[in-house]
Structure formats: C-alpha cells, structure tokens
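Q: For reference, the sequence and a predicted model appear below.
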Amino acid sequence: MSKKRIAILISGRGSNMQALIEAARAPDYPAEIALVISNRPQAPGLELARAAGVQAVAIDHRQYTTRPAFEARLHQTLVDARIDLICNAGFMRLLTGGFVDRWLDRHLNIHPSLLPAFPGLDTHQRAIDEGVRFTGCTVHFLRLEMDTGPIVAQAAVEVRTDDTADTLAARVLEAEHQLYPHALRLVASGKARVENHAVVYDGPFNHQPTQYSPGRGPTA
Ligand code: GRF
C-alpha cells in the first residue's frame, strides 16, 4: 500500500511535528511527511522541518483580510502537494466550517488533556486546580467546535501531588511525542477510521492493567 502524504500544520515550537517526522523515517511507517505549513513565519518549527529535509512554508494569516481567504490559500497549497491527511500540531488558528468540511475525517489534532476534559487553553493548570489524579493527551479527528471530534487515541499521565503546570506539561509532552506517531500510524494504515461519528478499529491491541494515582503500597 502506498504511503499517505501528510501535511503538518504548526504555529510555533514544533516538537510534535518533529516526533512525527522522526517516526515517519521508519520504512514500514504508513505515512510520509510531505509538507509543513505554519501560519506564523517566525515559527521555530519551520527551520526544524527544513533541517530534517522536509519542505516547509509559511502562510501568514495576517496577509489575508478574511479567514476564508487564508483558508482558500491553505487548501490550495494542500491540494497542490497532493496531501491525503492533515495533522495539526500546535496550530493556533481556528478554522471555519468551509475548511473543516473539505478535510472532514482527513484531519487530526493533538490536545494536551484527556478530552472531553479541559478543552481550550491552560489545560495543565486547570487539571491541577481540579485535583484530577490523571490527565494526558488526545489525538482526535478535527471538528468545527474546538477540541472536539472522534477520538483516535489517548495517553494517560499521572498528576503528581507536587506538580506545577510546567512539570506536568513536560510529562504530558513526552507522552504526546509517543502518542501522535502511534495515532497517525493507526489512521494512515486504515486500522482506525470514523464510522457514525466514532472511531472503529481493526485490532488486536495490547492492554494494560489498571493504574492508580496516588500509587498503592508502601512506596506510595
Ligand atoms: C502541544 O502541547 C499540543 O498538544 C498543543 O500545543 C502544543 C504544541 O507543542 N496543541 P509543539 O509545537 O508540538 O512543541
């Protein structure tokens, strides 16, 4: 089966983008990273992508007077590059229904919480403030409403009693870097797909025993 052609949309640092680029180097990976697009010309991720040998372009949203005009350029760039699937990775621009519909079920996003908990910004501080003992990250198909859509995969991360938003963010980010390549592999290979608004899978998968936080036993 031929590899799916992926475009990654970024706005900044690009560490999830790098994780996807790294994973896609494996010969058996079902996707290739064909293009990186940033809506911010200064995004550090653009240079990182080029250094990794991936074509990377800026489409500066400030150069367009309306969202649909910006999105028309984005769409054409994706079509010209024969993109099959889009992966948002820290892309900080809301998209309108026109664009979302055109890429429906061909567009993934990663969010640093266990959705549907904590959509939006500031997820780690909110998780700490709520006292949840697990948070994590989610890869989902993109829908119009921010941080919603059929969930492809999640990773749970313990919230430790001495965590700050920064220490928690760092631990979740490590999990993101594992989760996104895993989720993209599932989607690009056809092992995870949307049916009736939810994701269905061709298994089998490894399952893990229940985890506790705080941990049980003498070292807890
Ligand atoms: C990640 O935490 C991602 O989940 C969120 O924005 C952050 C982007 O980080 N949507 P990076 O640019 O991938 O390093």
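A: Happy to help now that I have it.

Q: Mind listing what's buried along the longest helix that the chain contains?
A: The single longest helix within the chain, with elements called by DSSP state H, is helix 165-188. The neighbour-count check on helix 165-188 (16 or more other CB atoms under 10 Å) flags 168-169, 171-173, 175-177, 179-181, 183-188 as buried. Where C-beta positions appear, they are placed from N, C-alpha and C, glycine not excepted.

Q: so how far is whatever helix or strand comes next after it off the chain centroid?
A: Going down the chain from helix 165-188, the next helix or strand is strand 192-195, by DSSP states H and E. Distance, stretch centre to chain centre, for strand 192-195: 17 Å (CA atoms, centre = their mean, to the nearest Å).

Q: Could you list the residues in contact with strand 192-195?
A: With contacts defined as CB atoms under 8 Å, 6 or more residues apart in numbering, strand 192-195 is touched by 105, 141, 150, 152-153, 183, 186-187, 199-202.

Q: Only the buried residues of that strand, if you could.
A: 192, 194.

Q: Adjacent strands (with direction) for it?
A: Neighbouring strands of strand 192-195 in its sheet, by DSSP bridges, are strand 198-201 (antiparallel).

Q: and the chain, which residues reach the ligand?
A: Within the chain, the positions adjacent to the ligand are 10, 12-17, 89-90, 110-112, 173, 176 by CB under 6 Å from any ligand atom.

Q: Apply 5 Å and report the result again.
A: 12-16, 89-90, 110, 112 (CB under 5 Å from any ligand atom).

Q: Sweet, I'm off.
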